[in-house]
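**Q** no FASTA, just this:
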């Protein structure tokens, strides 16, 4: 499954909004944003800067980015707008201030401005540094590999980044989201009417976990299972996500409700979830594992034949060395092919939902 | 909170959890995290972020065992069909242990990158060790980062090893204390570039790689040592011991003598289980044409005098030294330089004079040569080059063997208003990159002394001028390979400058007419040379002939002899390839 540019945009926007970043400008093709301190810590990889901020107590200066979701369209639009005489003044150094500034030139200009003579010093005075059209291909990027978001702080310094499926930034955003959102305690929002009614509403506590199941041998397949178990009744709901879909959730305990007492501890709940998942996994087709074991058998056979002769070595010392090699190779082979299933939790938490 | 009613909890279902046919493990850190937050009353995660994380997981989920996932994670990279095929085969037929043996220029690095990316995406690989020759370390790091979005780092200090994906030079890795550290680790994937260096079972390289603990393994080589079956056996043993049976089986089943396989079909069948070799001119990969233009030039009278003077001097010295080749290298250089530029000769001469004792009789003779240099006012080749560049009016790379010539040309072109940059082996990586950028951008001409080693890829340029020629055909091929490679969209025009009546003319004749190397797109030059050079390197043979020939006649016949055996090998190669196809 891959994501369309619009889906990616939604993911990024969700993250930026959830972390309270200030959006400077947004279009379907891009968003220009000044990160919140919280998002900056997670995304810009500058622990020293944040350490400095913490120790000295200065006001943090967060970085700004222009994230572009459809680079081609965005560039075309920018080029078209530039071809036409600028009808409005452009704010210099801010390529996103108007789609009117060609993104390439803008980024390159910044690159040059931010590079204080570093490149001009080393080379012969033949020609001024060539400016490559593709910001990804700048000299710095090629020399250092990836150029991290350098703390080149200054007003108007906005780095452009293309975000497409598979880009590091997107992976980073998901990882950051997981980091801050994995462990939950939520309550269903009862609505305003509940506050007026006489009786408090009964809420059922659920333990829910989004499990990631990884079936691996020399190849791999994955599944997600979002399962919930009621800590009152022990009932299990296989597609807990669907149950949550129709409800408004809030982190705060609503008024005039009560939570049914736990009959299960959280650990009991976890046992039940795991038991349920195991029985579900038992129904799966295990041909893949059989095939992997068959491959393993074949490979081990080959290894055995190869070493059989060698292990007849007379010299004790040499034989031991060969034996060690043989065992190592067998272990490696098993490591490569042996089928196994590993289950881990992506997100997890307690959900208090109105009893029905 | 009042308790209104209470449902008794039903007893847990009596059936014990079923046993799975595969070991199953639950990771349970989450539970302690949840419990500790319950104790402390938080902090609690954000519901929107939580949903986002799940969405992210969903989109990256590997839903199928056997389908390439990596392509949707890569943008700006469009692998060629044979590269995708290769990646597919390595993953799903070879289970991640393979020799990638494509011919030069077909993109082995891309294939390795695809395989690595796929395993990373699938989460089957996290710790990776990539061992390459020192000169390629940064290039690998750069390619993995920019083309594949893989955060590889170059090994610089010993703590670099702790990174997940490390690129290091084989020579560093196999030495203590690094060796010890690496052997104590396990690697999900090991990639070795230029793996033909692992052909010898007894070498430290070989034993080191054998001891490394690795799950998946890729060996990259353009020359899978097909000449020596024993070496091939060793390489495969490193990857999958036993694939070709044990040493004895292999010898009886497949080997007639060292060079000659038997049961070839069967051997090829076995090889295809561990080795993938794509060839140029095969399949859908098409290279553009190479067009060769030889430009004969006549030396000006002054240049001719200088050439003859140097030639005579060199020969006399050789006679005096009693035909000892090793001490003659600088003189050979002199002979070659005189075909390039007077500047090059000048510097070498001065250096030679400096080394001589003050009263050496040679001194006078060399001073005469210096005088001859002084009379040379023009450079016929440079003028012609200038003319060519003006004519084509496009980007062009000029190759010379000598730094002095490079300097001279730089000055000369600049005086004539051409934008040019230089490129040489001594520059550090950053400067090289910068020069390439300048060339891509505003400079029209690049004057390069180095073509080999780490790839300068100049697909955007399709003219090259050989200001002078290396005597080693591989180096010529490397030069051409800079512009004539995958991604080149135009036919490549190669201009060879040669001055009439000089050694250069003969060399060009040899390379062009006999090996036909300028137009050879099929590849296989390496194999031809390897076979030819069983006795002595081609360059050395050429030196000998040049120094020993007493007349032009003798020179010609000597070179013809070499030429004939080379062209024989070339034809032999071609026949073999056809037979294979």
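**A** Yes, it's here. All figures in this text were calculated on a predicted structure; none of them were measured in a lab.

**Q** residue furthest from the geometric center of chain A?
**A** Farthest-out residue of chain A from its mean C-alpha position, per C-alpha atoms, centre = their mean: residue A:314, at 56.2 Å.

**Q** helix, strand or coil for that one?
**A** At residue A:314 the chain is in coil, as set by DSSP: H, G, I helix; E, B strand; the rest coil.

**Q** check contacts around residue 71.
**A** Since you didn't name a chain, this refers to chain A. Neighbouring residues of residue A:71 by C-beta atoms under 8 Å, 6 or more residues apart in numbering or on different chains: A:162, A:164. From N, CA and C alone the C-beta is placed, and that goes for glycine too.

**Q** looking at chain B here, not the other one
**A** B:79, B:84.

**Q** just give me the residue closest to the centre of chain A.
**A** Note: chain A centre (C-alpha atoms, centre = their mean) maps to residue A:174, 2.4 Å.

**Q** what's the pLDDT at that residue?
**A** Confidence at residue A:174, expressed as pLDDT, is 88.

**Q** can you check residue B:191 too?
**A** 93.

**Q** can you tell me the SS state at it?
**A** Residue B:191 - assigned by three-state DSSP - is strand.

**Q** next one: residue B:340
**A** coil.

**Q** how many neighbours does the closest residue to it other than its chain neighbours have?
**A** Distance criterion C-beta to C-beta, 6 or more residues apart in numbering or on different chains; nearest residue to residue B:340, sequence neighbours excluded, is residue B:468 at 4.3 Å. The number of residues packed near residue B:468 is 23, by other C-beta atoms under 10 Å in any protein chain shown.

**Q** got the contact list for residue B:468?
**A** B:336, B:339-340, B:381, B:399-402, B:405, B:497, B:504.

**Q** one more pass at 6 Å, please.
**A** B:339-340, B:400-401 (C-beta atoms under 6 Å, 6 or more residues apart in numbering or on different chains).

**Q** show me which of those residues is closest to residue B:209.
**A** residue B:401 (35.8 Å; C-beta to C-beta).

**Q** nearest residue to the closest one other than its sequence neighbours?
**A** residue B:468 (5.5 Å).

**Q** host element of residue B:450?
**A** Assigned by DSSP states H and E, residue B:450 falls within no helix or strand.

**Q** tell me which two of the contacts of residue B:468 sit farthest apart.
**A** B:339 and B:400 (10.6 Å).

**Q** mind putting the contacts of residue B:468 into CSV with neighbour count?
**A** Below are the contacts of residue B:468 laid out as CSV (neighbours: other C-beta atoms under 10 Å in any protein chain shown):
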residue, neighbour count
B:339, 25
B:340, 26
B:400, 27
B:401, 21
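
**Q** make JSON lines from the residues you listed and add pLDDT to it.
**A** Converted to JSON lines, these look like this (pLDDT from 0 to 100):
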{"residue": "B:339", "pLDDT": "85"}
{"residue": "B:340", "pLDDT": "87"}
{"residue": "B:400", "pLDDT": "91"}
{"residue": "B:401", "pLDDT": "89"}
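
**Q** which of these lies closest to chain A?
**A** Using C-beta to the nearest C-beta, residue B:400 comes nearest to chain A of the contacts of residue B:468, at 17.1 Å.

**Q** burial count for residue 312?
**A** Picked chain A for this. Neighbours of residue A:312 (other C-beta under 10 Å): 9.

**Q** I was after chain B.
**A** So residue B:312, with other C-beta under 10 Å, has 12 neighbours.

**Q** residues making contact with the strand or helix carrying it?
**A** Using DSSP H and E, residue B:312 maps to helix B:301-320. Helix B:301-320 is contacted from outside by B:328, B:331, B:334-335, B:338, B:369, B:372, B:375-376, B:502, B:547, using C-beta under 6 Å, 6+ apart.

**Q** am I right that the residue nearest to the centre of chain A is in contact with residue B:57?
**A** No - under the criterion of C-beta atoms under 6 Å, residue A:174 makes no contact with residue B:57, lying 7.5 Å away.

**Q** how's the chain carved up into domains?
**A** All of this refers to chain A. With domains defined by automatic domain parsing, chain A comprises A:5-176, A:183-356.

**Q** not quite, go with chain B.
**A** B:70-276, B:290-295+B:378-580, B:297-375.

**Q** as a markdown table, the ones you listed with distance to residue A:196 would be great.
**A** Putting these into a markdown table (distance: least, C-beta to C-beta, whole Å) gives the following:
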| stretch | distance to residue A:196 |
| --- | --- |
| domain B:70-276 | 51 |
| domain B:290-295+B:378-580 | 71 |
| domain B:297-375 | 98 |
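
**Q** so where is the stretch 51-200 of chain A shaky, pLDDT-wise?
**A** A:84-156 (pLDDT under 70).

**Q** what residues of stretch A:337-352 count as buried?
**A** A:337-339, A:341-352 (16 or more other C-beta atoms under 10 Å in any protein chain shown).

**Q** same thing with stretch A:271-288?
**A** A:271-278, A:280-281, A:284, A:286, A:288.

**Q** now the helix or strand residue A:353 falls within: mean pLDDT?
**A** Assigned by DSSP H and E, residue A:353 belongs to strand A:340-354. In this model, strand A:340-354 has an average pLDDT of 90.
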